[in-house]
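In: Okay, structure incoming, though there's no sequence with it:
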């Protein structure tokens, strides 16, 4: 998966993002969690509600798990990373399948499927990331599912296409910018839903019971709604806190691993220095002994050469002395002969 992300960023999306390493890290971190197991990276242009189209961007397409009444459901989503990411927030759409529809008056999802939530509105490059965003969405969707099953026999018209004109006038384009303020986005969603011609009676039969407020006064409904919002925010904050603690724990583990690797590298470096010093010392000893042996050998050679010269000189002197003795011997022979002749 890491190679797939790298290939998309380096080949298909080269030059689109200013910080591809941050994107690679955030996406890989999300895909390695339980919330990102069913998400797959791909590329496609991002079309805003006013028809503006960006160049191809990285999209995480698939499903996000949520837990509703102790049962896990998978919500189909498209998570776009605009060219300005991470300075700008991701853009997320809920993509209901043909037999599903987006819940009317949902506080976090517009009729076009666009997701609005405090975490996106408060997005900051240094403090927010995709894994926490997935935790927030899973928690909020678990408190209030964004989709419901259509009644049997209802026309299968894409909720996105049916609401594109309303959504465009309500939200406008926000590609490359932060989402509108959370309260404004919620109000726009409600206004867009009120313009729908869909009958609420056919919808309410598919809303979970705890989302209906029939028989309650407007004040009580508002109070319950406010309590629900506070509960959702508290749960989302708790989930975000847990995610941050996990990130901190992971960062500590990475720091500890880096420290151990650094200590190991320093130990290996120290061992290399000691080994190098020992080898150098041994070589110096060997070179010194070899130098002494060579000096002794040269000295002995010089002595041999000197002795040879002396022997040669003695031999020469011996030859000269021999010649002298032979000459004297000849003289003596001559003298003896002369004496013998005189005696006769």
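Out: On my side now, so go ahead. All values derive from a computational prediction rather than experimental measurement.

In: Helix or strand with the lowest mean pLDDT in the chain?
Out: For the chain, the helix or strand with the lowest mean confidence is helix 200-204, at a mean of 33 (criterion: mean pLDDT, DSSP states H and E).

In: which intervals of the chain have sub-threshold pLDDT?
Out: 1-2, 48-50, 152-218, 221-222, 225-226, 228-230, 232-233, 235-236 (pLDDT under 70).

In: So which residues of this protein form helices?
Out: If you assign secondary structure with DSSP state H, the helices in the chain sit at 2-7, 20-31, 118-121, 130-143, 159-162, 164-171, 182-194, 200-204, 218-343.

In: Take these and write them to a markdown table, including mean neighbour count.
Out: The C-beta positions use only the backbone N, C-alpha and C, and glycine is treated the same way. Rendered in a markdown table, the data for the helices of the chain read as follows (neighbours: other C-beta atoms under 10 Å):
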| stretch | mean neighbour count |
| --- | --- |
| helix 2-7 | 13 |
| helix 20-31 | 18 |
| helix 118-121 | 20 |
| helix 130-143 | 23 |
| helix 159-162 | 17 |
| helix 164-171 | 18 |
| helix 182-194 | 17 |
| helix 200-204 | 12 |
| helix 218-343 | 11 |
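
In: Just send those helices back as CSV, with distance to residue 109 too.
Out: Rendered in CSV, the data for these read as follows (distance: least, C-beta to C-beta, whole Å):
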stretch, distance to residue 109
helix 2-7, 27
helix 20-31, 20
helix 118-121, 12
helix 130-143, 8
helix 159-162, 10
helix 164-171, 11
helix 182-194, 7
helix 200-204, 14
helix 218-343, 13
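
In: do you know which of those helices lies nearest residue 77?
Out: With respect to residue 77, and counting by C-beta to C-beta, the nearest of these is helix 130-143 at 7.7 Å.

In: Run the angle between the closest one and helix 20-31 for me.
Out: With axes from the mean of the first three to the mean of the last three C-alpha atoms, to 10 degrees as the basis, helix 130-143 and helix 20-31 are set at 40 degrees to each other.
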